[in-house]
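> sequence and predicted model, in that order:
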Amino acid sequence: EARALVRPARLNIVRHLHVQQRRIAAGLAGLRSGARALVRAALQRRRFGSRVLCGDLCTGLFRHAHHGSTGVRGAHHRAVRSARSLAPRTPDIREKNDGKKLDRLTFGSGAAPTLKIGLPEPGLFPAAPGTLHLGACLVNDEVSASFSLTNESDFDLPFELVPLRSGHRSERGRVVIEVTPRSAVVKAGAEHTCVATFAPDLAGQAFFCLFELRVPNERDRQTLCVRGHAYASAAWLLAPSVLAAELASPTPDGSGLPLQQLLLQPDGRKATGALDEIAAKVIELTLEPDARHAGTAELLLGNVPPRRLAADAKPTPVEFTVGALSADAVALGFKVETSKGSVEQGKAEKVRFFFTPTSKSLAQSNLGIISSFGVSQWTEVSVSLSLKGGSPPPEHAELTVVLRGFIPTAEALAEAAAIEAARKAKEAMAAGAAKGGKATPPKKK
């Protein structure tokens, strides 16, 4: 079949070559006869004009010969293109004739392997692209989740999940995050299910393992980051900075992690260090300001359900209470949205903190004097947080939350207040016009 398809193209090439060869031969013959005629005329007449005539004639003949050779190359390329169009896909032919191998030139298009990673929907913890977050888990317990590998190619694909780097390890030094199976063959158009397991024996929030999905002949390597948080009690807290760091680094390199102490103290106790908020007893929250210089921060508080560890135990909710802010903190503009609540197993609640400084609130403190001189600053206030319940209950029931708020300059505050007043006036006029009445702007103070 390939021979039958290529034969017309080969004949086309030979025909074009013969035509161009005849043109070149005619041009060279004309060049020789013209040159002889010009030489004879020059010898007979001996006039200067014969040189000009000879030069023009030779230039024309050489140009004709050059066009002829260019036409040969063009005919060759056109013949090759026609051969490719006649045989877009032909099998590779290798014939043996008297011990000699005959290679036939064939043309075709390749198909790239495509293996797509399918991750489940994020749970309580938001996840970056390409990240499987297994959530919170009790120490010495186990949590798992499945993800899929879909073969979108027309042929079978072998794959291998190779760990590149990891975060904190277990007490025995092993990696606490595992994926099974690590390697397999996915049929064409089929889907393969893998299971990621997180089994910690130490508390901490820096557990992760970065895997690379290796497929033969794949141009761009895909990565999968599996994360998990381990807690010693059912109640857990998560600061916004931890979530922001996880979302900012879908492929973490392991740098900047808290120091993990795996040695024992002289009295035999574990020196794990403050690897989570409850163990640290102090939680620092920075209320990042927006364009109106109003700061907001959310503290995520949850209740870990037991999976393998005491799974038949009675569900126990976690109760939390945020202490009252001091009078000075309230006067500056600090506020707590949810000061008391209860969290069921497997759920989480957000405790929001606000800081809205105004010129009036700062006028009654020394911070307002500093702000009036054009100096911005940070201020801190503390509030207590009590945790109760859960199975197992928290080791430290009383925690301290430190709130950091930003105080801009007095000029920036006045400008932001003017912009906010103009926005409210515009909204009031738009609302009045929508009702059909005549809206009047608010009176200036």
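On my side now, so go ahead.

> list the contacts for the closest residue to Gly228 other than its chain neighbours?
What sits nearest to Gly228 in space, not counting adjacent residues and going by C-beta to C-beta, 6 or more residues apart in numbering, is Phe198, at 3.8 Å. Bear in mind the C-beta positions are built from the backbone N, C-alpha and C, glycine included. Applying C-beta atoms under 8 Å, 6 or more residues apart in numbering, we find Phe198 in contact with Leu134, Cys137, Glu142, Val143, Ser144, Val176, Ile177, Phe207, Val226, Gly228, Ala230.

> quick check: Phe198 vs Arg182, distance?
Relative to Arg182, Phe198 is positioned 16 Å away (C-beta to C-beta, to the nearest Å).

> please apply the same query to Ser359.
62 Å.

> what's the answer for Lys314, then?
Relative to Arg182, Lys314 is positioned 38 Å away (C-beta to C-beta).

> repeat that for Ala128.
23 Å.

> these two: which is more packed in?
A count of neighbours by other C-beta atoms under 10 Å puts Ala128 above the other of Ala128 and Arg182, at 16 against 13.

> who touches the residue lying closest to Asp253 once chain neighbours are set aside in this structure?
Leaving aside its chain neighbours, Asp253 sits nearest to Arg165 (6.7 Å; criterion: C-beta to C-beta, 6+ apart). If a contact means C-beta under 8 Å, 6+ apart, then Arg165 has Cys209, Leu210, Pro252, Asp253, Gly254 as its contacts.

> and which of these is nearest His293?
Pro252 (32.7 Å; C-beta to C-beta).

> what about that closest one, how many residues nearby?
22.

> can you tell me how far the closest residue to it other than its chain neighbours sits from Asp141?
Nearest residue to Pro252, sequence neighbours excluded (C-beta to C-beta, 6+ apart): Phe208, at 5.9 Å. Counting by C-beta to C-beta, the gap from Phe208 to Asp141 is 18 Å.

> how about Ala230?
Relative to Asp141, Ala230 is positioned 8 Å away (C-beta to C-beta).

> what about the two, which has more around it?
Neighbour count, other C-beta under 10 Å: between Ala230 and Asp141, Ala230 has more, with 28 against 21.

> for that one, give its distance to Ser148.
26 Å.

> now do the SS call for Cys146.
That one is not Cys; residue 146 is Ser. Recorded secondary structure, Ser146: strand (DSSP: H, G, I helix; E, B strand; the rest coil).

> and the pLDDT for it?
Looking at Ser146, its pLDDT reads 95.

> mind telling me what element the residue nearest to Asp253 is part of?
Per DSSP states H and E: Arg165 is located in strand 157-166.

> same thing with Gln205?
Going by DSSP H and E, Gln205 is in strand 204-214.

> neighbouring strands of that strand in the sheet, and parallel or not?
Sheet pairing of strand 204-214 (DSSP bridges) gives strand 157-166 (antiparallel), strand 222-231 (antiparallel).

> from these, pick the one with the highest average neighbour count.
Highest mean neighbour count among these (mean count of other C-beta atoms under 10 Å): strand 222-231, with a mean of 23.

> report the distance from that strand to the chain centre.
How far strand 222-231 lies from its chain's middle: 15 Å, per C-alpha atoms, centre = their mean, to the nearest Å.

> make residue 1 into 41 and carry on from there
All right, first residue 41 from here; so that's strand 262-271.

> average pLDDT across that strand?
Mean predicted lDDT for strand 262-271 stands at 91.

> C-terminal to it, what's the next element?
Counting by DSSP H and E, what follows strand 262-271 is strand 275-278.

> where along the stretch 291-440 of the chain do the strands fall?
Applying DSSP state E, counting those that start in this stretch to the stretch 291-440 of the chain gives strands spanning 322-329, 335-343, 358-362, 374-376, 380-383, 388-395, 417-429, 438-447.

> quick check: buried residues in the third one?
Of the residues in strand 358-362, those buried under the neighbour-count criterion (16 or more other C-beta atoms under 10 Å) are Val358, Glu359, Phe360, Val362.

> how about these in TSV, adding distance to Ala77?
Formatted as TSV, the buried residues of strand 358-362 follow (distance: C-beta to C-beta, whole Å):
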residue	distance to Ala77
Val358	112
Glu359	117
Phe360	113
Val362	113
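
> about what we covered before: joint contacts of Ala270 and Asp181?
With C-beta under 8 Å, 6+ apart as the test, Ala270 and Asp181 both reach Pro240.

> measure Asp241 to Glu211 for me?
Where Glu211 is concerned, Asp241 sits at a distance of 5 Å (C-beta to C-beta).

> repeat for Ser184
Going from Ser184 to Glu211 by C-beta to C-beta gives 20 Å.

> ok, the spatially closest residue to Val442 that is not a sequence neighbour - contacts?
Take Val442 and drop its neighbours on the chain: the residue closest to it by C-beta to C-beta, 6+ apart is Glu324, 4.7 Å away. Glu324 makes contact with Ala279, Val442, Arg444, according to C-beta under 8 Å, 6+ apart.
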